[in-house]
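Q: Quick one: sequence plus predicted model below, questions after.
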Amino acid sequence: MKKISYSASKAIKFWFLGWLWRHRSMEFTFPQMMKRFGKVLLILPRKESDVKVVRRWRERILFSIGNKDIVAFSIGAPLEIAQEWSNRQLFFTDGDISPFGIVSKKIIDAVKEEKCDFALDLSPDLDFITAQVPLRAQIPARLGIVRHDKNRIGEKFFNIMMQTSGKLNYENIVKIISAGG
């Protein structure tokens with residue numbers, strides 16, 4: 001019997017859990033996208049190096065979101081970083097994640113309580129931990145960044161995907177969101 005590689009088993013886990021947590025998505029026309037949303041869940045990357053990159057785009061991303069109620073969501077990033085993005089933060093630690101990479105019900109309930117209708121995951125590539133949060137919290141519109149080789153897995157978690165094949169440029173996210181508003 002052939003042994004499954006770590007990345008293949010990880011891909012299977014992503015696909016299966018995405019299928020398990022699926023729900024009906026909101027339908028919307030792209031040019032009017034941001035006008036339809038009232039509250040945005042802004043998911044910050046978990047790695048410190050990725051947080052530093054996205055911080056450089058902070059003003060432009062916030063400007064493109066416009067006059068929306070923003071909730072900054074963070075697992076593991078310093079609280080000060082989340083406070084830079086919004087007056088309302090949901091801050092959690094790695095202790096709120098199971099050894100299998102499943103986010104606790106406490107996190108999902110806190111996100112559901114916010115009643116966001118758009119989630120923007122700023123992780124530079126599909127991060128299973130942050131990607132499952134808006135899906136399980138049943139946020140109708142979820143935008144995430146996915147490498148082109150992870151597209152099929154990303155479909156399970158995001159209904160709007162920005163594909164990248166190399167180094168991510170957040171300018172594309174700013175363009176997508178600005179065009180939608």
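A: Sure, I can see it. Numbers count the residues shown, from 1 in each chain.
Q: only C-alpha atoms for contact and neighbour calcs from this point on.
A: Will do.
Q: what are the ranges of the helices in the chain?
A: For the chain, the helices defined by DSSP state H cover 6-20, 33-36, 48-55, 58-65, 79-85, 105-114, 128-136, 151-157, 171-180.
Q: from those, which stretch is densest packed?
A: helix 128-136 (a mean of 23; mean count of other CA atoms under 10 Å).
Q: ok so, going back, right, and the helices of the chain - which one's nearest D121?
A: Closest approach to D121 among these is made by helix 128-136 (7.1 Å; CA to CA).
Q: packing partners for that closest one?
A: On a contact count with 3 or more CA pairs under 8 Å, 6 or more residues apart in numbering; DSSP states H and E, helix 128-136 meets helix 6-20, helix 105-114, strand 118-121, strand 141-147, helix 151-157.
Q: Sheet partners, orientation included, of the third one?
A: The strands beside strand 118-121 in its sheet (DSSP bridges) come out as strand 39-43 (parallel), strand 141-147 (parallel).
Q: Output those as JSON lines; include the columns mean neighbour count.
A: Formatted as JSON lines, the strands paired with strand 118-121 follow (neighbours: other CA atoms under 10 Å):
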{"stretch": "strand 39-43", "mean neighbour count": "23"}
{"stretch": "strand 141-147", "mean neighbour count": "23"}
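Q: In JSON lines, list the ones you listed along with mean pLDDT.
A: Output for the strands paired with strand 118-121, formatted as JSON lines (pLDDT from 0 to 100):
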{"stretch": "strand 39-43", "mean pLDDT": "95"}
{"stretch": "strand 141-147", "mean pLDDT": "87"}
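Q: Which of these sits closest to S49?
A: Judging those by CA to CA, what sits closest to S49 is strand 39-43, at 15.2 Å.
Q: Now render the helices of the chain as JSON lines, adding mean pLDDT.
A: Below are these laid out as JSON lines (pLDDT from 0 to 100):
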{"stretch": "helix 6-20", "mean pLDDT": "55"}
{"stretch": "helix 33-36", "mean pLDDT": "70"}
{"stretch": "helix 48-55", "mean pLDDT": "89"}
{"stretch": "helix 58-65", "mean pLDDT": "91"}
{"stretch": "helix 79-85", "mean pLDDT": "87"}
{"stretch": "helix 105-114", "mean pLDDT": "97"}
{"stretch": "helix 128-136", "mean pLDDT": "94"}
{"stretch": "helix 151-157", "mean pLDDT": "81"}
{"stretch": "helix 171-180", "mean pLDDT": "76"}
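Q: closest to G95 out of those?
A: helix 105-114 (11.1 Å).
Q: closest to K52 out of the strands paired with strand 118-121?
A: With CA to CA as the yardstick, what comes closest out of the strands paired with strand 118-121 is strand 39-43 (14.2 Å).
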